[in-house]
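Visitor: Okay, here's the prediction I keep looking at, along with the sequence it came from:
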Amino acid sequence: MTVELFRDFWWLMFPVFGMVMAILGMVRDHDYQSQIIRQAREKLERK
Amino acid sequence: MTFEELFTGYWWLMFPVFGMFIALIGMFQAESRSRQVMNLIKSYVDQGKEPPPELLKMAQERSDYNMDVGLPTPRSSGLWSFFVFLALAAGFGVGYWWIRAEEWSFAFLIVAVTMGVLAIGSLIIALVQRNRP
């Protein structure tokens, strides 16, 4: 059953990999933007 | 109904569900980020200070999840989108041709037709943009 399922749908690993990369990219992008906002806020409060 | 039967019948649903999930999350994130950036810039201006260039750049950037209706801003994006959608339509079209005997081959055909329509739309946008002053 598991072997048959894998044989029929092995190619799904490529789009699933793309989805994982998309999620990772979105998280990294969000972290970078949060960092910029945090630094700007700190700079504003420091001055 | 076993998991195998369920998966075999509805595996293609993962793509639209993933697309909807990413679109929703992205839209909420973009909206929250825009509000935070604008509030920060306002605070800087209120205090008579120059906002950091990274912050201004973030405010100018167009979000990937922007729901504005209109033509894309960069002049080459329409043509670029045309080629991307054309390649996707061709890929899914060939995929459909290979597995057309399968019961679930319609999923490939739907995606190929959708990408083809998007390619035509992108080409029209690119041509309209080219004729604009």
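Guide: Thanks, I have the structure now. Note that the structure is predicted; figures quoted are calculated from it, not measured. Numbering: from 1, shown residues only, chains lettered A, B, ... in the order given.
Visitor: where does residue 40 land on pLDDT?
Guide: Went with chain A since none was named. With respect to pLDDT, A:Ala40 scores 90.
Visitor: oops, I was thinking of chain B
Guide: 92.
Visitor: Kindly report the same for the one 4 residues further on.
Guide: As summarised for this prediction, B:Tyr44 has a pLDDT of 91.
Visitor: so it makes contact with B:Ala59?
Guide: No - between B:Tyr44 and B:Ala59 there is no contact under CB atoms under 8 Å: 11.2 Å. In short, each C-beta sits where N, CA and C put it, glycine included.
Visitor: what number of residues lie near A:Ala40?
Guide: 21 (other CB atoms under 10 Å in any protein chain shown).
Visitor: same question, B:Leu109
Guide: 15.
Visitor: Please list all residues in contact with it.
Guide: B:Phe92, B:Tyr96 (CB atoms under 8 Å, 6 or more residues apart in numbering or on different chains).
Visitor: tell me which residues of the host helix or strand of it are tucked away?
Guide: Assigned by DSSP states H and E, B:Leu109 falls within helix B:106-131. Using 16 or more other CB atoms under 10 Å in any protein chain shown as the test for burial, helix B:106-131 gives B:107-108, B:111-112, B:115-116, B:118-119, B:122-123, B:125-126, B:129.
Visitor: ok, which residues in chain B are in contact with chain A?
Guide: Proximity of chain B to chain A (CB under 8 Å from any CB of the partner chain) is limited to residues B:4, B:7-8, B:11, B:14-15, B:18, B:22, B:25-26, B:29, B:33, B:36-37, B:40, B:43-44, B:47, B:49, B:51-52, B:54-55, B:58.
Visitor: I'd assumed B:Ala59 was in contact with A:Gln33.
Guide: No - A:Gln33 lies out of contact with B:Ala59 (CB under 8 Å); the separation is 11.1 Å.
Visitor: sorry, back to before: confidence-wise, which of the buried residues of helix B:106-131 comes last?
Guide: Lowest-confidence member of the buried residues of helix B:106-131: B:Gln129, scoring 78 (pLDDT).
Visitor: Verify the contact between that one and B:Ser81 for me.
Guide: No - with contact defined as CB under 8 Å, B:Gln129 does not count as touching B:Ser81 (11.2 Å).
Visitor: Mind jotting down where the helices sit in the chain?
Guide: Assuming you mean chain A. Here chain A has its helices, by DSSP state H, at A:2-9, A:13-46.
Visitor: look at chain B instead
Guide: B:3-10, B:14-46, B:53-60, B:77-98, B:106-131.
Visitor: Extract the C-alpha set from the third one and format it as PDB.
Guide: Which is helix B:53-60. Provided in PDB are the C-alpha atoms of helix B:53-60 (Å, rounded to 0.1, in the frame of the first residue of the first chain):
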ATOM      1  CA  PRO B  53      16.100  54.600   4.400                       C
ATOM      2  CA  GLU B  54      15.300  50.900   4.900                       C
ATOM      3  CA  LEU B  55      12.000  51.900   6.400                       C
ATOM      4  CA  LEU B  56      11.200  54.200   3.500                       C
ATOM      5  CA  LYS B  57      12.200  51.500   1.100                       C
ATOM      6  CA  MET B  58       9.800  49.100   2.800                       C
ATOM      7  CA  ALA B  59       7.000  51.600   2.500                       C
ATOM      8  CA  GLN B  60       7.600  52.000  -1.200                       C
END
